[in-house]
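Asker: dropping a prediction and its sequence here:
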Amino acid sequence: MSENLILALQITVLGMGLVFLGLIIIWGVMLALTASTSGKAESSQASADSALHDLRAKAAALAVASVLAEQKQAGVSRFPIPPTALVSAWQLTMRTRQLNHEGRPKYQG
């Protein structure tokens with residue numbers, strides 16, 4: 001019985017060792033690949049970033065120019081100032097009294 005247990009433990013240790021050895025090998029390969037390709041990726045990433053920045057700047061300038069041209073053609077002016085709400089003296093007095101006594105008015109629903 002103890003021979004079977006020792007054999008099972010040996011097989012378990014061997015299997016676990018192989019799994020961890022495989023993980024270490026994969027980790028080393030990944031490090032080697034990232035180290036060999038990092039120089040190329042940085043230079044191409046920088047050129048891609050600058051090209052993207054230029055495209056965004058051109059798109060923004062085009063959008064502003066088109067909006068300005070559209071406003072000029074349509075003769076759009078500023079929105080008129082909306083009229084102020086008229087509040088009677090009674091409403092003003094009641095609202096002031098409510099704020100002074102209770103703080104913020106409460107919703108009565």
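Answerer: Structure's in. What do you need?
Asker: make it CA atoms for all contacts and neighbour counts henceforth
Answerer: Fine.
Asker: name the SS class of residue 80, please.
Answerer: With DSSP: H, G, I helix; E, B strand; the rest coil as the basis, residue 80 sits in coil.
Asker: what's the distance between it and residue 27?
Answerer: Here residue 80 is placed at a distance of 67 Å from residue 27 (Cα to Cα, to the nearest Å).
Asker: show the pLDDT at residue 1.
Answerer: Per-residue confidence (pLDDT) for residue 1: 74.
Asker: so residue 80 and residue 27 - more neighbours on which side?
Answerer: Neighbour totals were compared for residue 80 and residue 27, and residue 27 leads with 12 against 6 (other Cα atoms under 10 Å).
Asker: tell me which helix or strand that one sits in.
Answerer: Using DSSP states H and E, the element containing residue 27 is helix 2-74.
Asker: lowest mean pLDDT among the helices and strands of this structure, which one is it?
Answerer: Ranked by mean pLDDT, DSSP states H and E, the weakest helix or strand in the chain is helix 89-102, scoring a mean of 82.
Asker: may I see the buried residues of it?
Answerer: Buried residues in helix 89-102, counted by 16 or more other Cα atoms under 10 Å: none are found.
Asker: quick one: that helix to chain centroid distance?
Answerer: Relative to the mean C-alpha coordinate of its chain, helix 89-102 is positioned 45 Å out (Cα atoms, centre = their mean, to the nearest Å).
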